[in-house]
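Asker: pasting the structure only:
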């Protein structure tokens, strides 16, 4: 029995859907899907129709693409307005529950397999543009990133409604999540799984370094220590990596866009083992 993780499936791509459909069954294993399933309801329904029968339990946390408001979500007729912000997030939560997929709004489950007794904690934190140099103000952050030729599509498609800004939504999500993690950590260590990195020092975006402002919040920098993390799972960067910080494994588990992975290998090699901890933490990424 294993706890596995993957993120950034981006199922709008036909080649990724076809590869996911070929994934062999893992009837005893649990799977974390750490965000960016897709942008439309059909992406989610396809993901869970494929994965739910193949795994004993599945956990989902939202990524930025999951929160994009795109036209005619779910096939709405007449060009109906797409849900935005919290309404869209809670739409996906309810859809996940239809399929028996655990979300950041649900009770954490205790890992019953080999290894330490842990709770699996999917989280939703968002970002607040604080991953930036000290001499760049919040007001200057987007312009600073744009100077380098990078502008995240979130700026036009990820709406914070009913919050006044993404920063404010991030702050609220962090407050809610801190309370839940603190209560859970009083009972046992945690596997903390979210889409955005908890720490700025794990960023690996050398080609577009100023994309960092859309990658997380400094509010979460010490969560791995405060909340007794056995491991931290994240995605978003499309750069698979294992880091050891304060004795805690940080696992970037992205699949990514079709250019980011080998179609010849399929999806199976990109499932990262979280529990029990692999003997060689780098073994899974030698491809």
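Answerer: Arrived safely, thanks for sending. Not measured: the values here are computed from a predicted model. Numbers count the residues shown, from 1 in each chain.
Asker: residue closest to the middle of the protein?
Answerer: Most central residue of the chain, judged by C-alpha distance to the mean C-alpha position with Cα atoms, centre = their mean, is residue 195 at 2.2 Å.
Asker: confirm for me that it is in contact with residue 63.
Answerer: Yes - between residue 195 and residue 63 a contact is recorded at 3.9 Å, counting by Cβ atoms under 8 Å. Where C-beta positions appear, they are placed from N, C-alpha and C, glycine not excepted.
Asker: between the two, which contacts overlap?
Answerer: In terms of Cβ atoms under 8 Å, 6 or more residues apart in numbering, residue 195 and residue 63 are both contacted by the residues 7, 34-36, 235-236.
Asker: closest to residue 277 out of those residues?
Answerer: The shortest separation between residue 277 and any of those is 17.6 Å, and it belongs to residue 34 (by Cβ to Cβ).
Asker: contact partners for the residue nearest to the closest one when sequence neighbours are not counted?
Answerer: Taking Cβ to Cβ, 6 or more residues apart in numbering as the measure, residue 34 lies nearest to residue 7, with 3.6 Å between them; neighbours along the chain are not counted. Under the criterion of Cβ under 8 Å, 6+ apart, the neighbours of residue 7 are 32-36, 63, 195, 233-236, 253-255.
Asker: which secondary structure elements does the strand ranked longest in the chain contact?
Answerer: When the chain is scanned for its longest strand (criterion: DSSP state E), the result is strand 26-33. Based on contacts counted as 3 or more Cβ pairs under 8 Å, 6 or more residues apart in numbering; DSSP states H and E, the elements that strand 26-33 packs against are strand 3-6, helix 41-51, strand 55-60, strand 119-122.
Asker: in strands, which of the contacts of residue 7 fall?
Answerer: Secondary-structure check on the contacts of residue 7 using DSSP E: residues within strands are 32-33, 233-234.
Asker: make a markdown table out of those and add pLDDT.
Answerer: Listed next are the ones in strands among the contacts of residue 7 as a markdown table, based on pLDDT from 0 to 100:
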| residue | pLDDT |
| --- | --- |
| 32 | 98 |
| 33 | 98 |
| 233 | 98 |
| 234 | 98 |
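Asker: pick out the most distant pair among those residues.
Answerer: Using Cβ to Cβ for every pair in those, the one that comes out farthest apart is 33 and 234, at 12.2 Å.
Asker: measure residue 243 to residue 273 for me?
Answerer: Counting by Cβ to Cβ, to the nearest Å, the separation of residue 243 from residue 273 is 16 Å.
Asker: what mean pLDDT does whichever strand or helix holds residue 179 have?
Answerer: Under the assignment given by DSSP states H and E, the secondary-structure element containing residue 179 is helix 166-185. Here the mean pLDDT over helix 166-185 is 98, rounded to a whole number.
Asker: just confirm residue 29 contacts residue 6, I think it does.
Answerer: No - because the distance of 11.8 Å does not satisfy Cβ under 8 Å, residue 29 is recorded as not touching residue 6.
Asker: looking at these two, which is more packed in?
Answerer: residue 6 (23 against 18; other Cβ atoms under 10 Å).
Asker: wait, what's in contact with the more buried one?
Answerer: In this structure, residue 6 makes contact with 31-34, 253-255, 267, 270-272, judged by Cβ under 8 Å, 6+ apart.
Asker: scan those and report the most crowded one.
Answerer: Using other Cβ under 10 Å as the neighbour test, those are led by residue 34, with 30 neighbours.
Asker: just the helices from the stretch 151-287 of the chain, written as ranges.
Answerer: Using DSSP state H, counting those that start in this stretch, the helices of the stretch 151-287 of the chain run over residues 154-157, 166-185, 223-226.
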